[in-house]
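>>> What follows is a predicted protein model with its sequence.
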Amino acid sequence: MIPFSPPYIDEDIISEVTHTLQSGWITTGPKTKMLEDEIAAFCNVQKALAVNSATSAMMLVLHWYGVTRGDEVIVPAYTYCATALAAMHIGAKPVMVDAGSDFNINTQKIKAAITAKTKAIVAVDFGGWPCDYDAINAIVNDAGIRAIFKPAGEQQEKLGRILVMSDAAHAIGTVYNGRPLGRCADITVFSLHAVKNVTSAEGGVIVLNMPAPFNNEAVYKTLRLWSLNGQTKDAFTKSSAGGWEYDIVYPGFKMNMPDVLAAIGLAQFRKYKSALLAERKRVFDYYTRAFKNFAWAICPPFEKAGCSGSWHLYPLRIKGAGEKERNAIIEKIAAHEVAVNVHFKPLPMLSVFKERGYNIEDFPVAYELYCNEISLPVYPQLTDELCETVVKAVAESVTAVLPV
């Protein structure tokens, strides 16, 4: 059986976790700080904050920016539910925008979705391929768009425009126009969930790139405080001799990442930079070389000068297939003991959003991409021989279902 997305765990990762367990300190402490510092350096920014999930990270950022009930947050219609739920959890309304041909938000349709209630745009880097951040940043800095922005609260007054946040759950290591993701939006959120390129089992990282006059060190301290129930000392600091006394200065959340999980991410991230990302690209490129020879295969359009992805997904589309045929193909692939997936069911097709009036007919490109998409396994443990097994399973299954 070829699984879809097993975590990469080796002896170095096990050793790092064991060291943490033996240290006597397993919740937020030195390993978490080390992970934050390494990811910040990798993204060429000053500060990054590790929390318990990317969903929590997005909620924390939007809350810090003062997004609240009655506000609107623009999100792509083609993404995982967490992008929109993060806005809903703090009372805001997700305003959905259709996809472009690269699976990412169609930047040409963003401006029409902006109203005086819009406080943030959350762009999603689908499969690790970067959105057009230059276009998005040009929109929020447009004089006409800035003129209709109605700031509420200190942070919105200071920025004076719509916040741009990257939901880069898939995209650690992605480069956009020569810049690492983390330097392209005001704030970038990575996921360290179990199926992501770098994992801490569960976790997320907030990468801070707020422009002047913001001080990103100060923003980090605020977000960190709020992620620890608004407590002035974390548990590690409190545990020092005589260091018990603390105060609660904000009604915060419990969103911190513990050291025992940070240790997994830390050891894995060190190999990711030097080897694992390149191995993912090897698998991705193997598929492209193989599938470009089939007339029915639509390979992902992830190619542009100055840009490179994180190769998180290989979203293969099957020309001439609809949902019914695509699902039948997946069943036949499974019979070959190869696990594949679908990314994603567009938000308007999910009950929680349908019940709130969203309609997939308003997002035709998202549906067109979804209905014949099959995500193939991509991870470093896949040898070329296993990749060939995946290719054969897909090709035979397509042939069995579609007239080719």
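Great, that's in hand. Numbering: from 1, shown residues only.

>>> Quick one: end-to-end distance for stretch 345-357.
17 Å (C-alpha to C-alpha, to the nearest Å).

>>> Can you spell out the domain ranges of this protein, please?
Using automatic domain parsing, the domain ranges for the chain come out as 11-263, 275-401.

>>> Return the residues in contact with Asp142.
Taking C-beta atoms under 8 Å, 6 or more residues apart in numbering, we find Asp142 in contact with Lys111. Yep, even glycine has a C-beta here, placed from its N, CA and C like the rest.

>>> Next one: it from Arg161, what distance?
9 Å (C-beta to C-beta, to the nearest Å).

>>> Helices along the stretch 1-150 of the chain, start to end?
11-23, 30-42, 54-64, 81-89, 110-113, 133-141, 143-148 (DSSP state H, counting those that start in this stretch).

>>> among the domains of the chain, which is the most enclosed?
Most buried of the domains of the chain by mean neighbour count (mean count of other C-beta atoms under 10 Å) is domain 11-263; its value is a mean of 20.

>>> from the chain's centre, how far out does that domain sit?
Remark: domain 11-263 is offset 10 Å from the chain centroid, using C-alpha atoms, centre = their mean, to the nearest Å.

>>> Phi and psi next, for the closest residue to Ile2 other than its chain neighbours.
Excluding the flanking residues, the one nearest Ile2 by C-beta to C-beta, 6 or more residues apart in numbering is Val338, at 4.8 Å. Recorded main-chain torsions at Val338 are phi -120, psi 130, according to degrees, to the nearest 10.

>>> What's the mean pLDDT across stretch 320-327?
If you average the pLDDT over stretch 320-327, you get 98.

>>> typo on my end, stretch 174-190
On average, stretch 174-190 scores 98.

>>> now do stretch 205-216
pLDDT averaged over stretch 205-216 gives 98.

>>> Then stretch 238-250?
The model assigns stretch 238-250 a mean pLDDT of 82.

>>> got the contact list for Gly182?
Gly182 neighbours (C-beta under 8 Å, 6+ apart): 42-45, 48, 168, 188, 207, 209.

>>> one more time with 6 Å, if that's ok
43, 45, 188, 207 (C-beta atoms under 6 Å, 6 or more residues apart in numbering).

>>> from the residues you listed, which is closest to Ala77?
Nearest to Ala77 among the contacts of Gly182, counting by C-beta to C-beta, is Thr188 at 21.0 Å.

>>> Now that Thr188 has come up, it's in contact with Val205, right?
No. Using C-beta atoms under 6 Å, Thr188 is not in contact with Val205; the gap is 8.5 Å.

>>> what residues are shared contacts of these two?
Common neighbours of Thr188 and Val205 (C-beta under 6 Å, 6+ apart) do not exist.

>>> gap between the closest residue in space to Asn216 that isn't next to it in sequence and Ser191?
Counting by C-beta to C-beta, 6+ apart, Leu208 is the residue found nearest to Asn216 once chain neighbours are left out, at 4.3 Å. Counting by C-beta to C-beta, the gap from Leu208 to Ser191 is 17 Å.

>>> same thing with Glu325?
31 Å.

>>> Among the contacts of Gly182, name the ones in strands.
Counting by DSSP state E, the contacts of Gly182 place 188, 207 in strands.

>>> these two touch, right, Gly66 and Gly153?
Yes. Using C-beta under 6 Å, Gly66 is in contact with Gly153, at 3.5 Å.

>>> what sits up against the worst-scoring helix or strand of the chain on mean pLDDT?
Using mean pLDDT, DSSP states H and E, the weakest-scoring helix or strand in the chain turns out to be helix 235-238, at a mean of 75. The contact list for helix 235-238 (C-beta under 6 Å, 6+ apart) reads 27, 29, 243-244.

>>> How about stretch 2-11?
Residues from elsewhere that reach stretch 2-11 (C-beta under 6 Å, 6+ apart): 194-195, 199, 338-339, 341, 377, 380, 386.

>>> Just the buried positions in that stretch, please.
2, 5, 7-8 (16 or more other C-beta atoms under 10 Å).

>>> quick one: which of the residues you listed is nearest Ala262?
For the buried residues of stretch 2-11, the nearest to Ala262 is Pro7 (15.0 Å; C-beta to C-beta).
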